[in-house]
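Novice: I'll drop the sequence and a predicted model, then ask my questions.
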Amino acid sequence: MIRELVEFSRRLPKGTLPHDALDYVPVAIDCVIDRKGNFKRFIVHEKQNTLAERITAKKGKARLLVDKPEEVLRYGKNAKKKHQLFRAKVDEYRSIKELSPVFSFYESNRSNGVEKARTAFRKEVEEKQRGGNIAFLCLGENKRLHENHSIHAAIIANFESSMANLRDKRFDRCSICGLSSNPIADLPHGMIKRVPAGQTAGCALISYNFNATESYGLRGNENSSLCTRCARAYVVAFNWFLSNGSLKPNEKGKEIYMYKNRKNISDDTAVVFWLRNAVETTLLDVLDNPKEDSVRAIFDSVFEGRNTALRHLDTDTFYALTLSGTAARIAIRDWIETSLDNVRANLATWFQDIEVVRYDPDRSKLVKHHPRFSTLVWNVKSKSAKDVLHGRIGAVLWKCAVMGHSPPLWLLNAVLNRIRAEQGNVTPERVALLKLFLNRTSNNKEGVKYMATHDETNDNIAYVCGQIFSVLESIQYHASGGNLNAGIRERFFSFASTMPSTAFGRLMKLAQHHLSKIRGDKPGLAVNLDKKLQELMSRVESTRFPAVFSLEDQASFAIGYYHQRQKDFTTKPNSKAE
């Protein structure tokens, strides 16, 4: 995984990965001085990334010419030690003539320099803007002092010298690049930002901060066997993946940030993905935007790919990394490395397995529906804000979609729990997940393939019982004239889907009372409903209602219930007497 991240870093846009001695640092305030070190003014602006000295750990260190007000101006409480570190860093580069205005600012012209600047900082810069980095800008110049080529060259020279001192014969080669030219040292690898549920300051992927994690006499990050260059490369690649994107309008016209190499699959879990021969891919956009033409394009591409497989043996490689934040660390949930053709084929199977139908009142007919990936995940999430399953659900469904895996049994149980908790609320998304499980599990009884719509050839007893329950609900609805606070779905769905023998005995008695009432007002409707009920009951008589239903049976029950309801939407019962 790290090897592929390091390899990808070489393909990043020019300037994304500068020399190891340099890094992009945000600057929010420019301290304008003249050549004699006189302070002129502060320029406060939006944060601008600028190339400056890279420091691997902030504690006990200072960055050359760019830092916080505590370091640059000795502003604030307990700033004396930080300011001393900053001054000591500047002194290391005293031989560079471009820095003479800065030395005058702090030394020979102190009263008109740093002291005047400190006073002006309190008066001119608003308190909410005082937390940003300050850089030096000479009057009349467009380039900040730390951006001069000579200063960059000096920083690089010092860095190379310090790295040479870190090299140790114990470490022959880096475990990633295989080279011995860069040291393997106990230095922080860098922080990865924008990790879901992670710290704002960033999280570490590799970090050794307990003696128990060390071995063979190695200290800290020496245990990782990663050279300083590879350690930085994977961090830069990671940060690029997690932030690459742009503002785009959504379906409602509101501008939101759309990621290109990242997909958030829950509150605390995200996936980053890329191709070996291409930085970005739009293939996975179809998961959360499953329009009919997009899904059809997936099916066509798979068919075309099979026909040309012998002529095109080489295919691109797809990589995906599932991660979550855990305080200051990153938890890697999954790593995928497979061919792009395999991903296309698995996506085609995914859309076949989650396809359902739902009634469209505008067109008065049943239409195919492929639920969005994010909607599927949310339909299993409980109402609790502390639902720890949310991230696991997203990660599991991601592998089902991209790798063609079968969902685990606990996911089926989670879906059924949500249906029961919401009193039989069988949504299209939940039916899609139940179909996905039953069509892919090896425990599926008799190898029944569950279709997207009503299937009259499916004689699975649980499926038929679900249809019967839907008809019984219709009978109660018509008997009450639609005036129900809580019908049999709210009161009996969980009971009927788990212990059908006991539940349906009671429900059939209620149905006869309801049919008697309908016959008095709408005899034709009563005949049609009774006929529909008897047709379904004839498919149960030989086996009778089972005592209990397994989890798989409960899923079949919910699918049968949903299919029957959607079918009934398209056919209005005849309420006229015959």
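Specialist: Alright, I've got the coordinates. All values derive from a computational prediction rather than experimental measurement. Numbers count the residues shown, from 1 in each chain.
Novice: mind checking the SS state of residue 383?
Specialist: coil (DSSP: H, G, I helix; E, B strand; the rest coil).
Novice: cool, and residue 25?
Specialist: Secondary structure, three-state DSSP: residue 25 is strand.
Novice: doesn't residue 50 make contact with it?
Specialist: Yes: using C-beta atoms under 8 Å, residue 25 makes contact with residue 50 at a distance of 6.0 Å. Backbone N, C-alpha and C define where each C-beta goes, glycine included.
Novice: overlap in contacts, those two.
Specialist: Contact criterion C-beta atoms under 8 Å, 6 or more residues apart in numbering; residues shared by residue 25 and residue 50: residue 66.
Novice: the two: which has the busier surroundings?
Specialist: residue 25 (20 against 17; other C-beta atoms under 10 Å).
Novice: what about the closest residue in space to that one that isn't next to it in sequence, neighbour count?
Specialist: Of all residues not flanking residue 25 in the chain, residue 52 sits nearest, at 4.4 Å (C-beta to C-beta, 6 or more residues apart in numbering). Residue 52 has 25 neighbouring residues, counting by other C-beta under 10 Å.
Novice: where's residue 52, which helix or strand?
Specialist: strand 39-53 (DSSP states H and E).
Novice: how far off centre is that strand?
Specialist: Offset of strand 39-53 from its chain centre (C-alpha atoms, centre = their mean, to the nearest Å): 34 Å.
Novice: same deal with stretch 239-257?
Specialist: With C-alpha atoms, centre = their mean, you get 14 Å for stretch 239-257.
Novice: the residue nearest to residue 25 and residue 26 touch, don't they?
Specialist: No: checked against C-beta under 8 Å, the pair residue 52 and residue 26 is beyond contact range at 9.8 Å.
Novice: my read: residue 125 touches residue 42, true?
Specialist: Yes: contact criterion C-beta under 8 Å: residue 125 and residue 42 qualify, at 5.7 Å.
Novice: OK, contacts around residue 495?
Specialist: Residues near residue 495 by C-beta under 8 Å, 6+ apart: 502-503.
Novice: please read the previous query as pertaining to residue 93.
Specialist: Residue 93 touches 64, 99, 151, 154, counting by C-beta under 8 Å, 6+ apart.
Novice: adding secondary structure, write those out as a markdown table.
Specialist: Formatted as a markdown table, the contacts of residue 93 follow (three-state DSSP):
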| residue | secondary structure |
| --- | --- |
| 64 | coil |
| 99 | helix |
| 151 | helix |
| 154 | helix |
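Novice: which of the residues you listed ranks first by neighbour count?
Specialist: residue 99 (23 neighbours).
Novice: assign residue 455 to helix, strand or coil.
Specialist: Judged by three-state DSSP, the three-state class of residue 455 is coil.
Novice: where does the protein dip in pLDDT?
Specialist: Within the chain, the stretches with pLDDT under 70 are 58, 167-171, 303-314, 384-388, 442-448, 542, 572-578.
Novice: the helix or strand hosting residue 494: which residues count as buried?
Specialist: Assigned by DSSP H and E, residue 494 belongs to helix 488-498. Within helix 488-498, the residues that qualify as buried are 488-489, 492-498, counting by 16 or more other C-beta atoms under 10 Å.
Novice: I figured residue 266 hits residue 396, correct?
Specialist: No: in this structure, residue 266 is not within contact of residue 396 by C-beta under 8 Å, at 10.8 Å.
Novice: so what's the gap between the helix or strand containing residue 123 and the chain middle?
Specialist: Assigned by DSSP H and E, residue 123 belongs to helix 114-124. Remark: helix 114-124 is offset 45 Å from the chain centroid, using C-alpha atoms, centre = their mean.
Novice: equivalent analysis for stretch 17-31, please.
Specialist: Offset of stretch 17-31 from its chain centre (C-alpha atoms, centre = their mean): 29 Å.
Novice: name the residues of it that come out as buried.
Specialist: For stretch 17-31, by 16+ other C-beta under 10 Å, it's 17-18, 20-23, 25, 27-31.
Novice: I appreciate the help and will end here.
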